[in-house]
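Undergrad: using only what follows, build the 3D model:
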Amino acid sequence: MTKVELFSKKLDCKLGLLSPVLFLFLGHASLLLSAYYLVNFQRKKEKYIKKIELSQVFKLSILIFFVIILISIISKFLLSEYAEQQQVIQLKQNFVDELKKNGFIIIVIAPIIEETIFRGFFYRALKRYIPWVASAVFSSIIFSFIHQNILAFSLLFTLSLFLTLIYELHGKLIYPIIIHSTFNVVMLIFIYLAK
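TA: This next block holds a predicted model:
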């Protein structure tokens with residue numbers, strides 16, 4: 001697969017390899033990285049969203065969402081002694097207020113930043129040194145670890161692999177962003193129903 005282009009500049013590649021560290025320790029720097037990516041790496045002449053691609057992505061997303069829900073149920077059963085993510089706990093305790101405070105971030109900002117960092121930068125940089133499958137697996141492991149929750153690890157790993165595959169198939173970051181955003185909305189609905 002070669003839809004996702006490699007970085008042409010060494011500086012961009014180094015920045016890509018460091019992007020998860022910047023994301024973890026300097027969260028606000030992620031906004032700058034996302035802006036840098038959007039300005040420098042978007043194809044301006046190509047129609048960005050195509051109906052056929054979007055339809056294919058939608059169909060694959062429905063399938064993977066069922067897989068992710070199944071993984072979530074199995075994880076909760078097998079790892080019941082582990083706590084949920086702090087953000088999930090806060091949402092369950094005070095859903096409406098937390099959603100008012102953080103809903104836009106959860107649904108829009110976080111998917112844009114996380115996809116830019118983990119697929120747009122990190123995955124692309126890894127692909128320069130190791131095959132795309134190994135890059136997808138390694139970037140997905142890091143994506144899952146960054147969220148710092150053992151209970152959500154397998155769910156996030158599966159989601160990340162899927163998002164990377166979609167990015168690699170189409171070479172467009174917009175599709176993983178849309179799927180990630182939709183995933184967050186679905187998780188919010190489940191959190192609301194489970195509270």
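Undergrad: give me every residue that touches the nearest residue to Ala125 once chain neighbours are set aside.
TA: Once flanking residues are discounted, Ala125 sits nearest to Gly16: 2.8 Å by Cβ to Cβ, 6 or more residues apart in numbering. Bear in mind the C-beta positions are built from the backbone N, C-alpha and C, glycine included. Gly16 sits next to Phe7, Phe121, Phe122, Arg124, Ala125, Leu126 when contact means Cβ atoms under 8 Å, 6 or more residues apart in numbering.
Undergrad: could you measure from Gly16 over to Phe118?
TA: Per Cβ to Cβ, to the nearest Å, Gly16 is found 10 Å from Phe118.
Undergrad: give me the common contacts of the two.
TA: Common contacts of Gly16 and Phe118 (Cβ under 8 Å, 6+ apart): none found.
Undergrad: low-confidence ranges, this structure, go.
TA: 1-2, 42-47, 195 (pLDDT under 70).
Undergrad: now do the helices in it.
TA: 10-25, 29-40, 51-78, 86-93, 95-104, 110-115, 124-127, 132-146, 150-170, 174-194 (DSSP state H).
Undergrad: okay if I get the ones you listed as TSV plus distance to Lys3?
TA: Formatted as TSV, the helices of the chain follow (distance: least, Cβ to Cβ, whole Å):
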stretch	distance to Lys3
helix 10-25	17
helix 29-40	16
helix 51-78	11
helix 86-93	32
helix 95-104	30
helix 110-115	15
helix 124-127	11
helix 132-146	10
helix 150-170	6
helix 174-194	11
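Undergrad: what about the closest residue to Ile146 other than its chain neighbours, how many residues nearby?
TA: Excluding the flanking residues, the one nearest Ile146 by Cβ to Cβ, 6+ apart is Leu24, at 5.7 Å. For Leu24, the neighbour count with other Cβ atoms under 10 Å is 14.
Undergrad: can I assume Leu24 is in contact with His147?
TA: No: here Leu24 does not reach His147: they are 10.2 Å apart, not a contact under Cβ atoms under 8 Å.
Undergrad: and stretch 38-57, what's buried?
TA: For stretch 38-57, a neighbour-count test (16 or more other Cβ atoms under 10 Å) marks Glu53, Val57 as buried.
Undergrad: I'm done for today, thanks for sticking with me.
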